[in-house]
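Peer 1: What follows is a protein structure lacking sequence information:
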């Protein structure tokens, strides 16, 4: 029997309902893949509000949030100082939680060249810390991340935050940047290359 496409599996999942006793192969967290096991550092890069989220995927869990934070450099900080804050926060997360892989959001299309440069620099500060430590880095476009975790590629930040609360069984919503970082990590666990 040929393997079902991810789209067909999602359709089955929606048709049968999340609470049905469908086989694990039809749930969206599997999509016909072997479940990811390990720790993922998810990163939503931004010069003034980089989100970090560390998720653990043990053998019997869909994902557990170990930690999250938003890196907010002082408003008076210049570009190098902001990049230093991001690099230090990523370094600290890697040293404390020892992730197996880093997942980061790709650069979105921006019309302003200076904004694109700053976003690229923030991504570079984060990716550089992972590269120095030899960690694999996987990049995902925002559309794919939202589609993987919400089911709709144009979902709002509020929708992503609410979905992360539900999927990770959290007592309250994460701040938007941290929820986006958690979504990147879940996207890798559910749809990424192994």
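Peer 2: Structure received. Bear in mind the structure is a predicted one, so any value in this text is a computation, not a measurement.
Peer 1: Now residue 122: closest residue in space that isn't a chain neighbour?
Peer 2: Spatial nearest neighbour of residue 122, excluding adjacent residues (Cβ to Cβ, 6 or more residues apart in numbering): residue 45 at 4.4 Å. For glycine as for every other residue, the C-beta is placed from the backbone atoms N, C-alpha and C.
Peer 1: do you know how far the one you found is from residue 98?
Peer 2: Relative to residue 98, residue 45 is positioned 21 Å away (Cβ to Cβ, to the nearest Å).
Peer 1: before we move on, what about residue 145?
Peer 2: Residue 145 is 24 Å from residue 98, where distance means Cβ to Cβ.
Peer 1: Looking at these two, which has the bigger crowd around it?
Peer 2: residue 145 (26 against 13; other Cβ atoms under 10 Å).
Peer 1: Now that one: which helix or strand?
Peer 2: In the assignment (DSSP states H and E), residue 145 maps to helix 142-149.
Peer 1: Please compute how far that helix lies from its chain's middle.
Peer 2: 9 Å (Cα atoms, centre = their mean, to the nearest Å).
Peer 1: for stretch 76-95, same thing?
Peer 2: On Cα atoms, centre = their mean, the centre of stretch 76-95 falls 19 Å from the chain's centre.
Peer 1: OK, contacts around residue 181?
Peer 2: By Cβ atoms under 8 Å, 6 or more residues apart in numbering, the residues touching residue 181 are 42, 43, 44, 51, 52, 53, 68.
Peer 1: Can you give me the buried ones in stretch 89-100?
Peer 2: 89, 90, 91, 93, 94, 97, 99 (16 or more other Cβ atoms under 10 Å).
Peer 1: And for stretch 132-139, what's in contact with it?
Peer 2: By Cβ under 8 Å, 6+ apart, stretch 132-139 touches 41, 94, 99-106, 127, 130-131, 188, 192-193.
Peer 1: Please read the previous query as pertaining to stretch 150-169.
Peer 2: The contact list for stretch 150-169, computed with Cβ under 8 Å, 6+ apart, reads 10, 28, 55, 62-65, 143-144, 146-147, 149, 170, 172-176, 179-180, 182-183, 186.
Peer 1: Assign a three-state SS to residue 178, would you?
Peer 2: What DSSP: H, G, I helix; E, B strand; the rest coil gives for residue 178 is helix.
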